[in-house]
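Student: Provided below are the primary sequence and the corresponding predicted coordinates.
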Amino acid sequence: MEQGSSGLRRLFREVAKFGAVGGAGVLVNLGVFNLVRQATDLQVVRASVIATVVAIVFNYVGFRYFTYRDRDKSRRTREMSLFLLFSVIGLVIENGVLYTATYGFGWDSSLQSNIFKFLGIGIATLFRFWSYRTWVFRALPVREETVAGGGATMAGRRPRQRVP
């Protein structure tokens, strides 16, 4: 049971770190999106794709060096290739929602574009969380070790001593 609650705590920390990087990435994404829309005459989905690409680069750095810094780093080329693949799928999901709202329903005011951009980001984030943690930033195997007199440990750490 104790190991299960430890795993739940690790998952909670991972989700919190993913959310912190992702939240900052959403701000970058929406900020670049609105800046490009105001500063250029690009169509809404093209501006969104540019913003998504900038956010993907920002998020990779955050995920690699903050959220998943303890994960396997031995295959960086594979990691980056998979990150790019799943990020492009997320880009299609995110911008597909915006495209459908804009060109399928004619909802293209600035407010509507931001609402559907945000909704697309949310849907794509669910996919990205699953794919990044499952395929891109793979966990290193947990090693069980025995310390003389201290009992089993996880990842080389001694268990906490309980004080009666």
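Tutor: Structure received.

Student: From now on I want contacts and neighbour counts done on CA atoms only, so please keep to that.
Tutor: Will do.

Student: State the pLDDT value of Leu140.
Tutor: At Leu140, the model reports a pLDDT of 66.

Student: Pull out the buried positions in the helix or strand containing Arg10.
Tutor: Per DSSP states H and E: Arg10 is located in helix 2-39. Across helix 2-39, burial judged by 16 or more other Cα atoms under 10 Å covers 14, 17-22, 25-26, 28-30, 32-34, 36-37.

Student: cool, stretch 42-52 as well?
Tutor: Neighbour counts over stretch 42-52 (16+ other Cα under 10 Å) mark Val44, Val45, Ala47, Ser48, Val49, Ala51, Thr52 as buried.

Student: Between those residues, which sits nearest Gly90?
Tutor: Closest approach to Gly90 among the buried residues of stretch 42-52 (Cα to Cα): Thr52, at 9.2 Å.

Student: Contacts only, for the closest one.
Tutor: Thr52 is in contact with Asn29, Leu91, counting by Cα atoms under 8 Å, 6 or more residues apart in numbering.

Student: So it lies in a strand, does it not?
Tutor: No - using DSSP: H, G, I helix; E, B strand; the rest coil, the assignment for Thr52 is helix, not a strand.

Student: Give me the residues contacting stretch 75-95.
Tutor: So stretch 75-95 is contacted by 45, 48-49, 52-53, 56, 60, 117, 119-125, 127-128, 131-132, 135-137 (Cα under 8 Å, 6+ apart).

Student: Report the buried members of these.
Tutor: 45, 48-49, 52-53, 56, 60, 117, 119-122, 124-125, 128, 131-132, 136-137.

Student: Which ones among these lie within helices?
Tutor: Among these, DSSP state H puts 45, 48-49, 52-53, 56, 60, 117, 119-122, 124-125, 128, 131 in helices.

Student: which two in the residues you listed are spaced the farthest apart?
Tutor: Taking Cα to Cα, the two most distant members of those are Val45 and Ser131; they sit 24.0 Å apart.
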